[in-house]
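Trainee: Got a predicted model here, sequence first, then my questions.
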Amino acid sequence: QVQLVESGGGLVQAGGSLRLSCAASGRTFSNYAMGWFRQAPGKEREFVAALSRSSSSTNVADSVKGRFTISRDNAKNTVYLQMNSLKPEDTAVYYCVADALYSRVRSRPAYWGQGTQVTVSS
């Protein structure tokens, strides 16, 4: 089992920045691809970003491309999501995810965190 705990969410004005963190435990962190999903009120959960085990491959949703960056620190067992130029439509609960396969972490990851709320005011 992999346990994931997100932090860093909060309230920010449009145009501002936040950095989400996700601390992983339970298994060897470097063996897992990591990612982020989000779910806005009344909408389906959607993919945001993913990063392979060695950080050699990344994938970012078109809706956040150029504004959000995913990174990881394998020494700290932590993955990050740097969010810049935030918009009200970025308001959502953000979930950290993990899976042994990079292809699967972008579609149906095996492990999910509890989520952290991000609210962007206009």
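Mentor: That came through fine.

Trainee: For the strand or helix carrying residue 34, give me every contacting residue.
Mentor: Assigning secondary structure by DSSP states H and E places residue 34 in strand 33-39. Strand 33-39 is contacted from outside by 20, 22, 24, 45-53, 70, 72, 79, 81, 90, 92-102, 104-106, 109, 112, 115, 118, using C-beta atoms under 8 Å, 6 or more residues apart in numbering. All C-beta atoms are positioned from the backbone trio N, CA, C, and that covers glycine.

Trainee: in the sheet, who's paired with the residue minimising distance to the centre of the chain?
Mentor: Centroid-nearest residue in the chain, with C-alpha atoms, centre = their mean: residue 36, separated by 2.5 Å. Here residue 36 sits in beta bridges with residue 49, residue 96, going by DSSP bridges.

Trainee: measure residue 19 to residue 103 for me?
Mentor: From residue 19 across to residue 103, the span is 26 Å (C-beta to C-beta, to the nearest Å).

Trainee: err, residue 116, not the other one
Mentor: Counting by C-beta to C-beta, the gap from residue 116 to residue 103 is 25 Å.

Trainee: Could you do residue 35 as well?
Mentor: 11 Å.

Trainee: More neighbours: which of the two?
Mentor: Between residue 35 and residue 103, counted using other C-beta atoms under 10 Å, the more crowded position is residue 35 (28 against 13).
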